[in-house]
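[1] predicted model and sequence follow; I will ask about them next.
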Amino acid sequence: MTQTRAASRRITVLGTLLAALLAALLTPGRAEAASLKEVTGFGANPGALRMFRYVPDGLPAGRPVVVALHGCTQNASGYGTGSGWIQLADRWGFSVVLPQQQSANNGSLCFNWFQSGDIARGQGEAASVAQMVDRQLADVSGDASRVYVTGLSAGGGMTAVMMAAYPERFVAGGIVAGLPYGCAQAAGSPYVCMYVGATQTPRQWGDRVRAARPGYAGPWPALVAFQGTADHTVKPVNMTDLTRQWTDVHGADQAADVSDSVAGYPHQVFEDVSGRAVVETYSLTGMGHGQPVDPGSGSEQCGVAGAYLLDANLCAAHRMGRAWGLG
């Protein structure tokens, strides 16, 4: 008799749970959990890229937008999760645009930061990314005055392209193991740029950016850059050249105004004449080629370790987000 009553209670509880589940599934207007979704028809798309985006559930209007560009051999989903940007979007409340390269454009899935037809305003991949920004702002009623762009490696090279060719669209950029704008042209080859660097003065580097947006009077995007000292794919000289390029664009000198350490790594800040931080650099001692992450649930942790996503006890996305006021 006791066993019969227990069995009956279990059946009743199970039936209640099933009924609740069915009711939830059948409730009109039930919101789906946030997920990465592809967006089509975002413009003429001259660079033939794919657009993905992540919008946290219940995100109100007027929130920031971050554009995150993956590295070679990666894709939008893997980079969005691995870098920590999707995690931070939920934590801090902003949306993420994740452009994705196609193999027809580049067999290694690298953004073409070195191709003249893809790095000029109104052309190729640069124009496609700009069109994604416009579509995202319209669809989520985002804050056009708080749009940021970041990327790893080739995505970092394309980040420099967007900062130079479309400076009015971005408040700041974050470049991880990337290249200065126009480096392939200055060096005569993308490989010379990556492995050796280009011999340019700060003014010559800055002139390349200014030539990408003739007549533009500013403001120019601020820069946060990360570079592993043991990176043999994109040599550390490229962060030095990025610093020279963007301090010149902002009219700042080449001497750091702040030199300290963060998580044990050398960190520098360069300020313009008004005292505003315009270039910030992190030199990750002993780190190879990849994006620094710090997996975990702590307030400063984010990211998932993997190929070119390196557990360095520092999450680059978090440091960028803090510099940009996203948190």
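    Right, received. Where do you want to start? Residues are numbered from 1 along each chain as shown.

[2] what's the span of stretch 185-195 from first residue to last?
    14 Å (Cα to Cα, to the nearest Å).

[3] give me the contacts around that stretch.
    With Cβ atoms under 8 Å, 6 or more residues apart in numbering as the contact definition, stretch 185-195 has outside contacts at 113-114, 116, 179, 183-184, 196-200, 204-205, 208, 233-235, 238. No exception for glycine: its C-beta is placed from N, CA and C like everyone else's.

[4] mind listing which of those are in helices?
    Counted as lying in helices by DSSP state H, out of these, are Ser116, Cys183, Ala184, Gln204, Trp205, Arg208, Asn238.

[5] buried members of these into ChimeraX, please.
    Applied in ChimeraX, the following selects the buried portion of these according to 16 or more other Cβ atoms under 10 Å:
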select :183,184,205,208,238
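
[6] distance to Gln100 for the ones in helices among the contacts of stretch 185-195 - can I get that in TSV?
    Converted to TSV, the ones in helices among the contacts of stretch 185-195 look like this (distance: Cβ to Cβ, whole Å):
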residue	distance to Gln100
Ser116	22
Cys183	23
Ala184	22
Gln204	33
Trp205	29
Arg208	27
Asn238	24
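
[7] out of the ones in helices among the contacts of stretch 185-195, who's nearest His250?
    Using Cβ to Cβ, the shortest approach to His250 within those belongs to Trp205, at 12.1 Å.

[8] setting aside sequence neighbours, what's the nearest residue to the closest one?
    Distances taken as Cβ to Cβ, 6 or more residues apart in numbering put Gln245 closest to Trp205, at 3.6 Å, once the chain neighbours are dropped.

[9] so that neighbour is in which element?
    Gln245 is part of helix 237-249 when elements are defined by DSSP states H and E.

[10] contacts for that helix next, please.
    With contacts defined as Cβ under 8 Å, 6+ apart, helix 237-249 is touched by 160, 163, 175, 177-181, 183, 193-194, 196-198, 200-203, 205-206, 208-210, 220, 222-223, 225-227, 253-254, 270, 278-279, 281, 283.

[11] now the helices for the protein?
    According to DSSP H, the helices that the chain contains are 2-26, 76-83, 85-92, 116-119, 124-140, 154-165, 183-187, 190-195, 202-212, 237-249, 316-323.

[12] just those helices: most buried one?
    Counting by mean count of other Cβ atoms under 10 Å, helix 154-165 has the highest mean neighbour count of the helices of the chain, with a mean of 29.

[13] quick one: list the elements packing against that one.
    Contact here means 3 or more Cβ pairs under 8 Å, 6 or more residues apart in numbering; DSSP states H and E; on that basis helix 154-165 packs against strand 65-69, helix 116-119, helix 124-140, strand 147-152, strand 172-176, helix 202-212.
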